[in-house]
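In: A predicted structure for the sequence below; I have some questions about it.
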Amino acid sequence: MNQDLTTAESRLPDRPLTDSLGRVHTSVRLSVTDRCNLRCTYCMPELDATFMPRDHLLTFEELHRLTELLVTRCGINDVRLTGGEPLVRRELDRFVAMLSGIPGLTDLSLTTNGILLPEQAAKLKAAGLKRLNISIDTLDHEQFKKLARRDSLDETLAGIEAAIQCGFESIKLNAIAIQGITEHEFVSLIEFAAAKQVVIRFIEFMPLDFDRAWQRDSVLSGDRLLGLIEQHFGTLIEQPRETPSQPAERFRLPEGGKFAGAEIGIIRSVSQPFCQACNRLRITADGSIRNCLFASDEAPIRDLLRGGASDEQLIQVVRDCVWQKKPSHGIDGDGFSPPPRAMYSIGG
Ligand code: SAM
Ligand code: SF4
């Protein structure tokens, strides 16, 4: 990473993590593995996925040290665990318990495909996990097999049910929006989520698939999806964003229908990027700091952690990386090329 851009201001300890545009970072996504029990077309390769060597994965102790520094010294207050599929990492509940003991960490959440929730949801809740996002793109078995390249819809549904029974602070469902592939899913997904009294959010397909099949016109845009939803359910009622840095635009289904008032979200990461309000950084499972999902550059920190680096040195690497964050992901710009890592290896 280029050190020249780092100012004395950004080097001061015990300050918020800011970039050169003044965006304050309060949220970190920790990827705990790049392995997964699905092979979603928009994320992973179908065959021969190569995974990080196990000794490259940060240990829970290493991840905890970094997170503690970020929370107690840099103003991070929100941690989301992701992957790959985070629940395939052994003893994840032990890690959740370690994190939930960090003073100042106000939000601890997890994004999962749900398959392993029946055996893990209660343990994770007991360990201090507050919120869950569960990804489900379809309720149709054949479509699930096509999208995830595995026949695991029933397991995902059982996972959603198990999570609901555990009483997490919030459960949201996430569904991908791919033009020509998922526009027939929204009615059943919205009705399913409404019946379970959980929020469902639709996320525009981003150029982060391993197969590099993404094209601009393979995005089912938020505009088009909203049009389709309104054709079916009637005019939606717009809601204020939860916070300015929350990527989802929120709507409620209109009064009068069976699911009146149910909340849905649209995440227009491609057609209406929210980069100017971005407050996130990421740590990959093999120990690199990323200031953007789409960054082509990242700051490796594993060798420093293992080589006896001081807290100050580690914090400085993170500060420098955040400082250099670009104004936007630039997907629509000339010369955009996807990052070298696909979504499962970054941590979505
Ligand atoms: N395995 C977990 C899961 O699927 O929820 C966590 C990791 S996954 C990478 C996190 C989220 O990223 C999922 O909701 C998934 O649908 C989304 N995702 C993966 N690839 C994507 C892409 N190319 N564009 C948009 N969202 C994507
Ligand atoms: Fe696995 Fe999640 Fe990627 Fe699907 S989106 S392949 S479940 S990491």
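Out: Yes, it's here. Ligands and ions are numbered 1, 2, ... in the order given.

In: CA atoms for contacts and neighbours, from now on please.
Out: Will do.

In: mind listing what the residue lying closest to L225 once chain neighbours are set aside touches?
Out: Nearest residue to L225 in three dimensions, chain neighbours excluded: E183, at 7.4 Å (C-alpha to C-alpha, 6 or more residues apart in numbering). Residues in contact with E183 (C-alpha atoms under 8 Å, 6 or more residues apart in numbering) are A177, L220, L225.

In: residue contacts, the residue nearest to the second one when sequence neighbours are not counted?
Out: The spatial neighbour of L220 that comes closest, neighbours along the chain excluded (C-alpha to C-alpha, 6+ apart), is Q179 at 4.1 Å. Taking C-alpha under 8 Å, 6+ apart as the contact definition, Q179 lies against D217, S218, V219, L220, S221.

In: do the same with N133
Out: N133 touches S109, L110, T111, T112, I171, K172, L173, N174, counting by C-alpha under 8 Å, 6+ apart.

In: and for F294?
Out: Neighbours of F294 in contact, by C-alpha under 8 Å, 6+ apart: H329, P338, P339.

In: which of those has the largest number of neighbours?
Out: Neighbour counts for the contacts of F294 peak at P338, which has 21 neighbours (criterion: other C-alpha atoms under 10 Å).

In: now do the SS call for it.
Out: Of the three states, P338 takes coil according to DSSP: H, G, I helix; E, B strand; the rest coil.

In: what does the model give the closest residue to it other than its chain neighbours for pLDDT?
Out: Spatial nearest neighbour of P338, chain neighbours left out: P207 (6.0 Å); criterion: C-alpha to C-alpha, 6+ apart. pLDDT recorded at P207 is 97.

In: run a quick neighbour tally on P207.
Out: Neighbour count of P207, defined by other C-alpha under 10 Å: 24.

In: that one and I283, how far apart?
Out: Using C-alpha to C-alpha, to the nearest Å, we find P207 at a distance of 19 Å from I283.

In: same check, this time on G159
Out: For G159 relative to I283 (C-alpha to C-alpha), the value is 26 Å.

In: those two: who's more crowded?
Out: Neighbours per residue (other C-alpha under 10 Å) separate G159 from I283, with I283 holding more: 28 against 23.

In: hang on, that one packs against C292?
Out: No - I283 lies out of contact with C292 (C-alpha atoms under 8 Å); the separation is 10.3 Å.

In: on that earlier part again, buried subset of the contacts of E183?
Out: Using 16 or more other C-alpha atoms under 10 Å as the burial test, the contacts of E183 include A177, L220, L225 as buried.

In: which bits of the chain sit near ligand 1?
Out: Applying C-alpha under 6 Å from any ligand atom, one finds that the chain approaches ligand 1 through 42-43, 82-85, 111-113, 134-135, 174-176, 203-209, 343-344, 347-348.

In: helices - which of the residues you listed land there?
Out: Cross-referencing those against helices under DSSP state H gives M343, Y344.

In: keep only those of the residues of the chain next to ligand 1 that are in strands.
Out: T82, T111, T112, I134, S135, N174, A175, I176, I203, E204 (DSSP state E).

In: how much space between the residue nearest to L220 and ligand 2?
Out: Distance, Q179 to ligand 2, using C-alpha to the nearest ligand atom, to the nearest Å: 17 Å.

In: looking at it, N77 is touching S27, isn't it?
Out: Yes - the pair N77 / S27 is scored as a contact, 6.3 Å apart, by C-alpha under 8 Å.

In: interface residues of the stretch 51-200 of the chain facing ligand 2?
Out: Neighbours of ligand 2 within the stretch 51-200 of the chain, by C-alpha under 6 Å from any ligand atom: G83, G84, E85, N113.

In: mind giving me TSV with the residues you listed and columns for neighbour count?
Out: Formatted as TSV, these follow (neighbours: other C-alpha atoms under 10 Å):
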residue	neighbour count
G83	27
G84	29
E85	26
N113	27
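
In: out of the residues you listed, which one sits closest to ligand 2?
Out: The closest of these to ligand 2 turns out to be G84 (C-alpha to the nearest ligand atom; 3.7 Å).

In: for that closest one, what are its contacts?
Out: S31, V32, T33, D34, R35, C36, M343, Y344, S345, G347, G348 are the contacts of G84 under C-alpha under 8 Å, 6+ apart.

In: got the buried residues for stretch 207-220?
Out: Residues P207, L208, D209, F210, W214, S218, V219, L220 are the ones in stretch 207-220 that count as buried (16+ other C-alpha under 10 Å).

In: the last one reaches A177, doesn't it?
Out: Right, L220. Yes - assessed by C-alpha under 8 Å, L220 is found in contact with A177 at 5.1 Å.

In: mind listing the shared neighbours of those two?
Out: Shared contacts of L220 and A177 (C-alpha under 8 Å, 6+ apart): E183, E204, F205.

In: apart from its chain neighbours, what residue comes closest to the second one?
Out: To tie it back to what came earlier, the one meant is E204. Closest residue to E204 apart from its sequence neighbours, by C-alpha to C-alpha, 6+ apart: A177 at 4.9 Å.

In: fine by me, we can end here.
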